[in-house]
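Undergrad: Test case, fold it:
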Amino acid sequence: MLLSELMKNTDVQMTRDVELRGITCRWQEVKPGWLYVCRVGTETDGHRFAARAAARGAAAILSERDTGHGDLITAD
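TA: Now for the predicted structure:
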């Protein structure tokens, strides 16, 4: 699935369109071509693991703020 298809009808801003092979919010599960979704949990903030997700091959990172890693997709 193209990232643009997933994000249509949203206010999400993308830096580029990519083909996604999977989606996860757990950095340990990221595989090449996957979308990593940063989310704030009750015990930790997924934004802290954006670098690890990028190193594992994330095609894009969906976040609420700039993480400085990977292709940034911001959701306000």
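
Undergrad: Kindly list the main-chain dihedrals of the spatially most central residue of the chain?
TA: Centroid-nearest residue in the chain: Ile61, 2.1 Å away (criterion: CA atoms, centre = their mean). Torsion angles at Ile61 (phi, psi; degrees, to the nearest 10) stand at phi -130, psi 120.

Undergrad: Now that it has come up, it's in contact with Tyr36, right?
TA: Yes: with contact defined as CB atoms under 8 Å, Ile61 and Tyr36 form a contacting pair (4.9 Å). Glycine gets a C-beta too; all of them are placed from N, C-alpha and C.

Undergrad: what's the spacing between the residue nearest to the centre of the chain and Met7?
TA: Distance, Ile61 to Met7, using CB to CB, to the nearest Å: 13 Å.

Undergrad: who does the residue nearest to the centre of the chain bridge with?
TA: Note on Ile61: beta-bridge partners Tyr36, Leu72, judged by DSSP bridges.

Undergrad: swap in Glu19?
TA: Leu2.

Undergrad: For burial, what's the neighbour tally of it?
TA: Glu19 has 9 neighbours, counted by other CB atoms under 10 Å.

Undergrad: Leu6 now?
TA: For Leu6, using other CB under 10 Å, the count is 16.

Undergrad: now the one 10 residues further on
TA: Number of residues near Arg16 (other CB under 10 Å) recorded here: 11.

Undergrad: likewise Asp17?
TA: If we define neighbours as other CB under 10 Å, then Asp17 has 13 of them.

Undergrad: Need the per-residue pLDDT for it.
TA: pLDDT recorded at Asp17 is 88.

Undergrad: if I look at Trp27, how far off is Arg65?
TA: Counting by CB to CB, the gap from Trp27 to Arg65 is 16 Å.
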